[in-house]
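K.L.:
Predicted model, plus sequence, below.
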Amino acid sequence: MITSARLAAWTPFVQAALRVMTSLLFLQHALTKLLGWPPGPPGQMPIASLLGVAAIIELATGVLVGLGLFTRCAAFVASGLMAFAYFIAHAPRGFFPASNGGEGAVLYCFIFLFFAAAGPGALALDNLRSKASAV
């Protein structure tokens, strides 16, 4: 029988899986904007543009969150970036995210906000840093 205590033991690992998958998907947005790969909208952007700066922030925070390094800070920045992206690019097109294309931005915003509050879970470099500082 599966008890809640047995399920709770898996929570840090499921949290880590969510962290890694979210960061890999987030990195695709950065790489599409910076390198045009993988191909898809919006395509390669000049770095000295608003989307270029957003792509650099996406790249940096995506790598850090994926590795679980400075996770809370990086996730907080990524969450703010996605809130900003929603209100700049999507909200002017309508109130509801389903109609203005902003579901992704809202979802990323709240997933990153979760990691800013809860931390990285298992298998994160932050865990090694905290053990090293405790010694």
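P.N.:
Sure thing, it's come through. Residues are numbered from 1 along each chain as shown.

K.L.:
which SS state does Pro39 fall under?
P.N.:
coil (DSSP: H, G, I helix; E, B strand; the rest coil).

K.L.:
Could you list every helix and strand in contact with the helix or strand of the chain with the lowest mean pLDDT?
P.N.:
Lowest by mean pLDDT, DSSP states H and E among the helices and strands of the chain is helix 125-134, with a mean of 85. Helix 125-134 is packed against no helix or strand, with contacts defined by 3 or more CB pairs under 8 Å, 6 or more residues apart in numbering; DSSP states H and E. Every C-beta, even on glycine, is put in place using the N, C-alpha and C of the backbone.

K.L.:
looking only at pLDDT, what's the mean for the longest helix that the chain contains?
P.N.:
If you go by DSSP state H, the chain has its longest helix at helix 4-35. Averaging pLDDT along helix 4-35 yields 94.

K.L.:
could you give the angle of it to helix 125-134?
P.N.:
110 degrees (axes from the mean of the first three to the mean of the last three CA atoms, to 10 degrees).

K.L.:
Who are the packing partners of helix 4-35?
P.N.:
helix 50-67, helix 103-118.

K.L.:
Recalculate using a threshold of 10 Å.
P.N.:
helix 50-67, helix 71-85, helix 103-118 (3 or more CB pairs under 10 Å, 6 or more residues apart in numbering; DSSP states H and E).

K.L.:
Next, format these as JSON lines and append mean neighbour count, distance to Ala17 and mean pLDDT.
P.N.:
Listed next are the helices and strands packed on helix 4-35 as JSON lines, based on neighbours: other CB atoms under 10 Å; distance: least, CB to CB, whole Å; pLDDT from 0 to 100:
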{"stretch": "helix 50-67", "mean neighbour count": "19", "distance to Ala17": "11", "mean pLDDT": "96"}
{"stretch": "helix 71-85", "mean neighbour count": "20", "distance to Ala17": "14", "mean pLDDT": "98"}
{"stretch": "helix 103-118", "mean neighbour count": "18", "distance to Ala17": "12", "mean pLDDT": "98"}
